[in-house]
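In: prediction below, plus the sequence it came from.
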Amino acid sequence: MIRESRWAHYTTVRACLAVFVGTAVTASCRDQRILRGDTPDVGGPTVASLDSVSIQDSPHHFVGHPTQLIVDSTSGKFLIGDAFGKRVLEFSSQGTFIREFGGLSDRRGRLLSLYDVVRSSDRLLAVDERHRELSIFSTTSGEFLGRKTFRATQADFSPGPGNFLWAGGLDTARKSLLSKWDLDSDTWTTVVPISDEVENVVALRKSWLVFATYWADTMLVSLGPSNTILLMKENGTLLDSIVIPVRRRRGVPAALVARKNVTGVELSNGISITLSMHRLPNKNIALVYLENSDDSAEADRTTRLWLTLVSPDFKRACADLLIPATSVGMPFPAFRADTLFVFTQNVTADVGRSVIKKFAIRDDGCSWLPTRLPLRGTTRANSSAHLLANERR
């Protein structure tokens, strides 16, 4: 299945699980709430609603199928990927349209499809997963700078140092979960190799999403579906890893990670997948999880976002605030300093509206839960094997 956007990607994840997950997993999902210590009286993070920004859509600048939200750290401008229009739209911090990248009017930079958008320094990178192309634009002039091709199965890009990108995905041919791509020399270096144990987990082959966030010479890597976060050096040396506790969201059932050759029925309760990671000014790590729920009819399917905070020493977590942002489509989170932004779309009286909601993140009401610290002394060569070992402990 070809994924036209991130929404389609998560649908693919669900379809994959429907094929590979056995009948015992649904019960296992429900059991996980007890096994993982889901305690209702434990306080999670809180958010304070700030002013919202109405995106000034028009017939020519309507966001038909959002794929990503990026907030400029300096100006507060918004970049919004639109898979339907095969373009990236730029709006002011007040929601006024500024320009578009890669649309029909851009003969040289026209996009054939759009899966994701990445901001790297003064460049905007439009990811076309179907054609394995990365279109590069200048964020200052809007000029189209050129295209590069990339590995078919590593299309989850995150900005790295200098002219590097982290490229995540399950690349079985090269035994890689995460690579470092030098755009200047067009060279790829494996950062997180695939262990044989991970590669043999049939249920995960089609559903790995890999995201990295980077500061100084340290990065966090989320590999999903998994409850594990890796703390690594830029060269791939594993410093530590933690398993994020789950209170209210579904998380990733341990049975799903452990089962190898399974067949079965549709997974009715869905899973939680890491959608965004951000280091806050107070050095807490904010994690946003996406969770699809289809417990009833297709018309009642909902998409939720959950917020979890991890302490600077990675030993504690303040888990699972349901972010109050409803959307008829998939909501997209983004961060600027200590503010969380969520792109939403809703329909009122047959009129669609795109609104970016803003929240201040707080931890003063947190009851911190311990993270499970896995094995120490892990090398880069076997780090991915701990994704399974940690989940089973």
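Out: Ah, there it is. Residues are numbered from 1 along each chain as shown.

In: the stretch 151-300 of the chain: helices as residue ranges?
Out: For the stretch 151-300 of the chain, helices defined by DSSP state H, counting those that start in this stretch occupy the ranges 196-199, 254-258.

In: CA atoms of stretch 82-100 as CSV?
Out: Output in CSV follows, covering the C-alpha atoms of stretch 82-100 (Å, rounded to 0.1, in the frame of the first residue of the first chain):
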residue,chain,number,x,y,z
ASP,A,82,-1.4,19.8,2.1
ALA,A,83,-1.3,16.4,0.4
PHE,A,84,-4.5,17.1,-1.5
GLY,A,85,-3.1,20.2,-3.1
LYS,A,86,0.4,18.6,-3.3
ARG,A,87,2.0,21.7,-1.8
VAL,A,88,3.2,23.4,1.4
LEU,A,89,1.3,26.5,2.5
GLU,A,90,2.9,29.2,4.6
PHE,A,91,0.8,31.4,6.9
SER,A,92,1.7,34.3,9.3
SER,A,93,1.5,33.9,13.0
GLN,A,94,-2.0,35.5,12.8
GLY,A,95,-3.1,32.9,10.1
THR,A,96,-2.8,35.1,7.0
PHE,A,97,-1.7,33.4,3.8
ILE,A,98,1.8,34.3,2.7
ARG,A,99,2.8,31.9,-0.1
GLU,A,100,2.9,28.3,-1.2
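
In: pLDDT of it, averaged?
Out: Across stretch 82-100, the average pLDDT comes to 94.

In: residues in contact with that stretch?
Out: With CB atoms under 8 Å, 6 or more residues apart in numbering as the test, stretch 82-100 has contacts from 4-5, 53-56, 58, 61-67, 75-81, 101-104, 106, 110-115, 117, 124, 126, 137, 142, 356. For glycine as for every other residue, the C-beta is placed from the backbone atoms N, C-alpha and C.

In: cool, stretch 129-146 as well?
Out: Residues outside stretch 129-146 that contact it (CB under 8 Å, 6+ apart): 2-4, 88, 99, 101-102, 106, 108-109, 111-113, 115-116, 119, 122-128, 147-152, 155, 157, 183.

In: what residues of that stretch count as buried?
Out: 129, 133-137, 139, 144 (16 or more other CB atoms under 10 Å).

In: now do stretch 351-369
Out: For stretch 351-369, by 16+ other CB under 10 Å, it's 354-359, 361, 363, 366, 368-369.

In: please enumerate the strands of the stretch 101-250 of the chain.
Out: 116-120, 123-128, 133-138, 144-149, 156-159, 164-171, 176-182, 187-193, 209-215, 218-224, 228-233, 238-243 (DSSP state E, counting those that start in this stretch).

In: between strand 164-171 and the first one, find me the angle.
Out: On the basis of axes from the mean of the first three to the mean of the last three CA atoms, to 10 degrees, strand 116-120 is oriented at 150 degrees to strand 164-171.

In: what comes into contact with strand 116-120?
Out: Contacts of strand 116-120 (CB under 8 Å, 6+ apart): 6, 67-68, 70, 72, 79-81, 88, 124-127, 129, 139, 155-160, 163, 165.

In: now the buried members of the residues you listed.
Out: In the contacts of strand 116-120, burial by neighbour count holds for 6, 67-68, 70, 79-81, 88, 124-127, 129, 139, 155-160, 165, counting by 16+ other CB under 10 Å.

In: in this structure, which helix or strand is least confident?
Out: When each helix and strand of the chain is scored by mean pLDDT, DSSP states H and E, helix 24-35 comes last, with a mean of 27.

In: so which bits of the helix or strand following it are buried?
Out: Sequence order places strand 46-49 as the next helix or strand after helix 24-35, per DSSP states H and E. For strand 46-49, the neighbour count (16+ other CB under 10 Å) marks 46-47 as buried.

In: the helix or strand just after strand 46-49: which residues count as buried?
Out: Going down the chain from strand 46-49, the next helix or strand is strand 53-55, by DSSP H and E. Buried residues in strand 53-55, counted by 16+ other CB under 10 Å: 53, 55.

In: dump the following helix or strand past strand 53-55 to CSV, keeping only the CA atoms.
Out: Downstream of strand 53-55, the next assigned helix or strand under DSSP H and E is strand 66-71. In CSV, the C-alpha atoms belonging to strand 66-71 read as follows (Å, rounded to 0.1, in the frame of the first residue of the first chain):
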residue,chain,number,x,y,z
PRO,A,66,-2.9,18.1,6.1
THR,A,67,0.3,16.2,6.5
GLN,A,68,2.4,18.3,8.9
LEU,A,69,2.5,21.4,11.0
ILE,A,70,5.7,23.3,11.5
VAL,A,71,6.0,26.5,13.7
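
In: which other residues reach strand 66-71?
Out: With CB under 8 Å, 6+ apart, strand 66-71 has contacts from 5-7, 77-83, 114-119, 329-330, 332-336, 341-343, 345, 354, 356.

In: for stretch 330-342, same thing?
Out: 6-7, 10, 47, 50, 66-73, 76, 78, 275-276, 278, 280-282, 286, 288, 290, 303, 305, 307, 323, 325, 343-344, 356-361.

In: over to stretch 215-222?
Out: Outside stretch 215-222, the residues touching it (CB under 8 Å, 6+ apart) are 160-161, 166, 168, 178, 192, 209-213, 229-234, 239, 274, 277, 279, 285, 287.

In: likewise stretch 348-362?
Out: 45-55, 57, 62-63, 66, 69, 78, 95, 280, 286, 307, 309, 323, 325, 338-347.

In: related to what we said a few turns ago, max pairwise distance over the buried residues of stretch 129-146: which two?
Out: Glu129 and Thr139 (21.6 Å; CB to CB).

In: now restrict the contacts of strand 66-71 to buried residues only.
Out: 5-7, 77-83, 114-119, 329-330, 332-336, 341-343, 345, 354, 356.

In: find the nearest non-adjacent residue to the residue most central in space within the chain, please.
Out: The centroid of the chain falls nearest to Leu275 when counting by CA atoms, centre = their mean (2.3 Å). The shortest distance from Leu275 to any non-neighbouring residue, by CB to CB, 6 or more residues apart in numbering, is to Leu290 (4.3 Å).
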